[in-house]
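>>> Return a 3D structure for these sequence lines:
(2 chains)
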Amino acid sequence: MPQDTTSLSQGKAQTSWFSRNNQGGRLWTLLLFLPPALCLFTLFVVVPLFEASFFSFYRWNGIGELNNYLGLQNYSKVIGHSAFHTAIGNTLKIVAVSLLIQLPLALSVALCVYKQSWANTVFRLIFFLPYILAEVVAGLIWKFIYDGNYGVVNMFTEFFGLENYFILGDKQWAFAAILIVIIWKYFGFHMMIFIAALQGVPNDLVEAAKIDGATRLQTTFLIKIPLIKHAIILSMFFSILGALQLFDLIIPLTNGGPSHSSHSIVSYLYTFGISRMRIGFGSAIGVLLFIACVVFAFTYQNAFMKDKK
Amino acid sequence: MKKRFMNDWVKICYLMLIAGFVLVPLLAAVLGGFKSLGELQSNPIGLPNNWEFEHYGAVLNNPFLWNSMKNSFVISSMTLILTLLGGAMTAFTFSHIRFVGHRYVYSYFLLGMMFPFATGILPLFIKIRDLGLLDSFYGVVIPQVAFGLAMAILLFKTFFEQLPAELFDAARVDGCGYARFFFEIVIPLSTPILATVGVFVLVTSWNNYLLPLVVLNNSDLYPWTLGIMQYQGEFAVEWNKVLAYVSITVLPALAFFIVAQKYIVAGLTGGAVKG
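Residues are numbered from 1 along each chain as shown, chains lettered A, B, ... in the order given. All right, here's what the predicted structure looks like:
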């Protein structure tokens, strides 16, 4: 790495703007440290985003010239597409299940295991385990569980003498099955956020409440939970953002089927945009997704997370 | 006292129930690899009556598995090194060099955490194609680094700012320049945050599915996440083979989890909390 530490005493241009600001190789270091990341980030994160909004006005298969200008047609096609409506509906279902089932589950578990003891540590690790698995692995394991010929579902149908039932092939229940996998996979993550927050709740507050005659339920609901409000707000934020980005789990489980009933927004984008190489159409979905994320992130942060900044 | 005991008992039952919900699918998968298809049908979650080792044996002898693991390893290590280096260097310019407008540039990077990878995936694909990086590891690594930078910079900057200012002053008085200060003092002092960010980057990259799916067509270059889907596609109904394959691919993640547990929890949740 460059040893330009002596540039301070490097002779003539000592009074120039450059050398005044370059003491200790400050400017050289800046020129060396900043541009690589800045270029990479601009080129591969920011520029594609702008290009997406540009491409979304065209019909293009990625080859040949970009001359088939459509105006807003791609957008109206996406917005009018019934599979897209299903994908939005499914995303809302994920949000609802995350907020109404997953987070309460994570919170209740966190309240049980947040204190330090070896048994609690074991439980914590078990609950966190699904989170470190790759989504495709979680998806495949649950595809087996749900398999009407082999898995646990088969065990039940056999036990009750019913016909083989393929829940993932059932238009009505396939997405409900995916929701269970989502809870299974992610509640441990939220539990860890809650545990970290609960460990920061001052113990004397809880003790004082107990001395004043508060029951366990009262200390939980009136002291601990209000004091970890910031963590709950954060968890909700990640649940919703996660719902908007879900993809990897859908592919192994149902691939969006049956008849496009179990798509998430990103798997919809993949199926109708990427795998069919409809650059314009797919970009329009991407732009809509981007707008949804940014609008959500800004409003949510302004509404709930303001005090943190 | 009796009531207390009852409470604990209820609590333990509850925890065991949830632990069952978490573990049964995992155990069913691991044990399923030891069963014959017939047994898998009649007994999907219990211990096998007849331990069949051939499915695991076949998977372990499958060169495709090892090749895909090796590819994943190469991709994740390259992503890890580049993200840590790039992220730390950039964060250092924000925390110590503090050039004019550094706040704006910092916010610009943070924008990267606002939206999912998938939004720009098609233009990204075109870009990677035009750069001739399709079907090469760089086509996966470079976008991964670009997307990982935001989070890395955020965590590094917070950490670097908490380093004692006297350290920097003393180093400057002794004639130590910025670059040397970064490499010889900041980096060695930053092992906890390097580990935290590193774990996050490594796990994200190791588990990445969408980007390699779009960039890589040649199955010799497949990372294990694509490999496992291809294998499942080939042996769709032979669940014992698929489960054996799945269980083996989980092992590296599991081993890593046990070894680096502390950093994993910090990296995957602490990182999130600070954001």
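>>> B:Trp206: what's its closest spatial neighbour, skipping adjacent residues?
Distances taken as CB to CB, 6 or more residues apart in numbering or on different chains put B:Ser76 closest to B:Trp206, at 4.8 Å, once the chain neighbours are dropped. Every C-beta, even on glycine, is put in place using the N, C-alpha and C of the backbone.
>>> Report whether the strand or helix carrying B:Phe21 contacts chain A.
Taking DSSP states H and E as the definition, one finds B:Phe21 inside helix B:2-32. Yes. Using CB under 8 Å from any CB of the partner chain, helix B:2-32 comes into contact with chain A via B:7, B:11, B:14-15, B:18-19, B:21-26, B:28-29, B:32.
>>> where in the stretch 201-309 of chain A is pLDDT low?
A:306-309 (pLDDT under 70).
>>> try 80 this time
Applying pLDDT under 80 to the stretch 201-309 of chain A flags the ranges A:257, A:305-309.
>>> ok, back up a step: out of the residues of helix B:2-32 next to chain A, the closest to A:Thr86 would be?
Nearest to A:Thr86 out of the residues of helix B:2-32 next to chain A is B:Pro25 (CB to CB; 26.5 Å).
>>> Quick check, central residue of chain B?
Taking CA atoms, centre = their mean, the centroid of chain B lies closest to B:Val203, which sits 0.9 Å from it.
>>> Tell me the confidence at it?
The per-residue pLDDT reported for B:Val203 equals 87.
>>> before we move on, what about A:Gln14?
Value listed for A:Gln14 in the pLDDT field: 52.
>>> that older thread, from the middle of its chain, how far away would the helix holding B:Phe21 be?
Distance of helix B:2-32 from the chain centroid (CA atoms, centre = their mean, to the nearest Å) equals 28 Å.
>>> Tell me which residues of that helix come out buried.
Using 16 or more other CB atoms under 10 Å in any protein chain shown as the test for burial, helix B:2-32 gives B:15, B:18-19, B:21-22, B:25-26, B:28-32.
>>> do the same with stretch B:138-157
In terms of neighbour count (16+ other CB under 10 Å), stretch B:138-157 has its buried residues at B:139-157.
>>> what sits against residue 109?
No chain specified, so I'll use chain A. Going by CB atoms under 8 Å, 6 or more residues apart in numbering or on different chains, A:Val109 touches A:123, A:127, A:187, A:191, B:15, B:18.
>>> ah, no, chain B please
A:37, A:41, B:90, B:149-150, B:153-154.
>>> check which helix or strand covers the nearest residue to A:Ala174 once chain neighbours are set aside.
Distances taken as CB to CB, 6+ apart place A:Ser262 nearest to A:Ala174, at 4.7 Å, with adjacent residues excluded. Using DSSP H and E, A:Ser262 sits within no helix or strand.
>>> circling back: and the helix holding B:Phe21, what does it pack against?
helix A:103-113, helix A:118-132, helix A:135-146, helix A:152-159, helix A:174-198, helix B:239-259 (3 or more CB pairs under 8 Å, 6 or more residues apart in numbering or on different chains; DSSP states H and E).
>>> what's the model's confidence in that helix, averaged?
87.
>>> between it and helix A:135-146, how big is the angle?
Helix B:2-32 and helix A:135-146 meet at an angle of 90 degrees, taking axes from the mean of the first three to the mean of the last three CA atoms, to 10 degrees as the criterion.
>>> State the next helix or strand along the chain beyond helix B:2-32.
helix B:37-42.
>>> neighbouring contacts of that following helix?
Counting contacts by CB under 8 Å, 6+ apart, the residues touching helix B:37-42 from outside are A:149-150, A:154, A:158, B:32, B:48-50, B:238-240.
>>> Let's see if you can find the most crowded of those residues.
Neighbour counts for the contacts of helix B:37-42 peak at B:Gly32, which has 29 neighbours (criterion: other CB atoms under 10 Å in any protein chain shown).
>>> what's the nearest residue to that residue if we skip its chain neighbours?
B:Leu243 (3.8 Å).
>>> For the one you found, give me its contacts.
A:141, A:144, B:28-30, B:32-33, B:55.
>>> Just name the closest of those to B:Ile228, please.
The shortest approach to B:Ile228 among these belongs to A:Ile141, at 10.9 Å (CB to CB).
>>> what about the closest one, neighbour count?
Neighbourhood size, A:Ile141 [other CB under 10 Å]: 27.
>>> pretty sure A:Phe41 contacts B:Ala146?
Yes. Counting by CB atoms under 8 Å, A:Phe41 touches B:Ala146, with 5.4 Å between them.
>>> Give me the common contacts of those two.
Joint contacts of A:Phe41 and B:Ala146 (CB under 8 Å, 6+ apart) are B:Gly112.
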